[in-house]
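Participant: quick one: sequence plus predicted model below, questions after.
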Amino acid sequence: MEMKKPDIRYLNDMKNVLQDKEWAKKAPNYELYYMYRGVKKEKGFRYNITVIPPRMLGKEFVKTKGHDHIGKFKEIYTILNGEAIYLFQKCKNKMVLDVYAIRAKKNESVLIPAGYGHITINPSKKILKEADWAVENCKNDYSFIEKMAGMCYYYTKSGWIKNKNYKKIPKLKIKKPLKKAPKDLSFLI
């Protein structure tokens, strides 16, 4: 499969969602991660690949910007290389109704449920390469997470830190990944 040219997320695109604002003010702009969108399309679904090299963003581990889906769409991610922590939050009026994290390793999968914002974190020293399947017309909305200066928790060298821009944050739950992705993707609709 021939890889398309990636969309690149730069540090300047992320500064407003980082925990370490002082570090972000002084840090130069550079490439953080690479999104290969629509690598493959079949039966109304698109296959994307994201590559996240290891690094620290001040005190915080490198992560994706984070988004919600416009509509009731789901996604499924599979780790191709490295490991990831996925953070999920369900919010209403700046209130977090539910929040949980899943750590996944190579060949494990994670379902992104409808109605949850999410980010991917690379907590390791290896390049993280993840693939995801989504409904082809699934659109991402970054506005709420940008407005709140990130998700309700940040993952740092010191562990999980609450984002003080949220009114009330429930205790973070930890869940397990799927051992493998389902072959039939119709559940994503």
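Facilitator: Perfect, I can see it now. Numbering: from 1, shown residues only.

Participant: pull out the buried residues from the least confident helix or strand in the chain by mean pLDDT.
Facilitator: Here the helix or strand of the chain ranked lowest by mean pLDDT, DSSP states H and E is strand 68-70, holding a mean of 83. Residues of strand 68-70 classed as buried: Asp68, His69 (neighbour count, 16 or more other C-beta atoms under 10 Å). The way it works is simple: take the backbone N, C-alpha and C, and place the C-beta from them, glycine included.

Participant: doesn't Leu87 make contact with Tyr116?
Facilitator: No: in terms of C-beta atoms under 8 Å, Tyr116 does not count as a neighbour of Leu87; the distance is 9.6 Å.

Participant: more neighbours: the two, which one.
Facilitator: The neighbour comparison of Tyr116 against Leu87 (other C-beta atoms under 10 Å) goes to Leu87, with 25 against 21.

Participant: wait, what's in contact with the residue nearest to the spatial centre of the chain?
Facilitator: In the chain, the residue lying closest to the centroid (C-alpha atoms, centre = their mean) is Ile119, at 2.2 Å. Contacts here follow C-beta atoms under 8 Å, 6 or more residues apart in numbering; on that basis Ile119 touches Lys63, Thr64, Lys65, Gly66, Tyr86, Leu87, Ile145, Met151.

Participant: the last one against Phe144, yeah?
Facilitator: No: shown here, Met151 and Phe144 do not form a contact pair, counting by C-beta under 8 Å, at 9.9 Å.

Participant: shared neighbours of these two, anything?
Facilitator: With C-beta under 8 Å, 6+ apart, Met151 and Phe144 have common neighbours Gly117.

Participant: compare those two (neighbour count), which wins?
Facilitator: Of the pair Met151 and Phe144, Met151 is the one with more neighbours under other C-beta under 10 Å, namely 26 against 15.

Participant: measure the more buried one to Pro28 for me?
Facilitator: Met151 is 25 Å from Pro28, where distance means C-beta to C-beta, to the nearest Å.

Participant: out of the contacts of Ile119, which is nearest to Asp13?
Facilitator: Closest approach between these and Asp13, by C-beta to C-beta: Lys65, at 6.6 Å.

Participant: secondary structure class for that closest one?
Facilitator: For Lys65, the secondary structure call by DSSP: H, G, I helix; E, B strand; the rest coil comes out as coil.

Participant: quick check: it touching Val17?
Facilitator: Yes: with contact defined as C-beta under 8 Å, Lys65 and Val17 form a contacting pair (5.8 Å).

Participant: which neighbours do the two share?
Facilitator: Ile145, Glu146.

Participant: okay, those two: which has more neighbours?
Facilitator: For Lys65 versus Val17, neighbours defined as other C-beta under 10 Å are more numerous around Val17 (24 against 20).
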